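>>> Give the three-dimensional model of this entry:
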Amino acid sequence: MNSKWQVDFFRGVALDFWRLATPLEQTRSEVGLLQRLLRATESSHLLDVPCGNGRHSVELAGRGHRVTGVDLSEEFIEEARSAGAGLPAKWICGDMLDLPWQAEFDGAFCFGNSFGYLDSDNARRFLKAVAATLRPGARFVVQTGMAAESILPGLLQKRWHKVGDIHVLSENQYHPREGRLDIQYTFIRRGVTETRPSSSYVLTVNEICRIHSEAGLEPVEHLSYDAATPFQLGSPGLILVSAKP
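Down below sits the predicted model:
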């Protein structure tokens with residue numbers, strides 16, 4: 001699997017599917033959760049990495065926060081710039097592993113499963129880069145559906161999804177030795193078929209917490225996706241809150 005598969009994946013129909021799959025109500029709910037978990041105030045400067053089309057950051061900026069979003073997809077960054085015009089938001093097209101700031105932000109977050117795209121070495125590199133961007137006491141929130149306790153118990157070989165006029169077949173192949181899940185996505189829209197490969201890495205919650213600590217981000221809460229209950233075996237996803245000492 002090409003380690004840079006994301007460069008070709010996030011364009012066209014794949015982005016259209018993602019837009020349709022994330023309604024405004026979901027974004028508003030997640031932003032309210034982020035405000036609470038990050039302990040954000042109106043003066044907080046927040047980092048969204050990767051930011052996608054800015055759906056969280058635009059909403060945060062609309063609520064008075066200063067935000068900076070980083071994403072590899074030029075298509076998404078242009079969409080974010082358009083949606084966030086006139087708001088206290090800055091958009092940068094770049095790699096989530098390359099974060100140049102030092103003690104700049106009052107909080108940061110990584111939503112939407114992007115953390116799972118990184119193998120353990122690059123996950124450490126990413127977390128160290130995030131820690132360097134944060135002021136002391138700042139919090140970082142990561143959301144991932146690729147915790148081993150979430151994804152492996154109910155993993156299906158094939159699964160169909162439909163959102164709007166887009167049908168998607170996902171075909172899963174798990175490689176235990178590498179801890180890697182390869183997913184082949186087939187998008188079908190109005191008779192046109194496109195196939196895109198993806199790859200994610202599966203870590204236990206213990207491993208995810210450990211590499212956070214090694215990077216200088218001390219875990220303080222591990223929650224299920226609803227954020228109302230602690231994470232446990234079979235939870236649909238993990239929300240991990242950490243803090244920079």
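>>> Any buried residues in stretch 83-95, and which?
Ala83, Gly84, Leu87, Ala89, Lys90, Trp91, Cys93, Asp95 (16 or more other CB atoms under 10 Å). Heads up, the C-betas are built off the backbone N, CA and C, glycines and all.
>>> Please name the nearest non-neighbouring residue to the last one.
Among residues not flanking Asp95 along the chain, Leu72 sits closest, at 6.0 Å (CB to CB, 6 or more residues apart in numbering).
>>> what's the most distant pair in the buried residues of stretch 83-95?
Greatest spatial distance among the buried residues of stretch 83-95 (CB to CB): Leu87 and Asp95, at 24.2 Å.
>>> Tally up the residues packed near Glu42, please.
Glu42 has 8 neighbours, counted by other CB atoms under 10 Å.
>>> While we're on it, how confident is the model there?
We have a pLDDT of 88 for Glu42.
>>> tell me which element Val7 is part of?
helix 6-9 (DSSP states H and E).
>>> scratch that, Val70 is what I was asking about
Going by DSSP H and E, Val70 is part of strand 66-71.
>>> that older thread, quick one: average confidence on the helix holding Val7?
Helix 6-9 shows a mean pLDDT of 82.
>>> cool, and stretch 95-107?
Averaging pLDDT along stretch 95-107 yields 97.
>>> Equivalent analysis for stretch 128-143, please.
For stretch 128-143, mean pLDDT is 98.
>>> how close does Asp121 sit to Asn206?
Counting by CB to CB, to the nearest Å, the gap from Asp121 to Asn206 is 18 Å.
>>> Let me fix that, I meant to ask about Ser82.
Here Ser82 is placed at a distance of 41 Å from Asn206 (CB to CB).
>>> Need the contact partners of the strand holding Val70.
Applying CB atoms under 8 Å, 6 or more residues apart in numbering, the contact partners of strand 66-71 are 43-52, 54, 57, 60-61, 77, 80, 88-94, 96, 99, 105.
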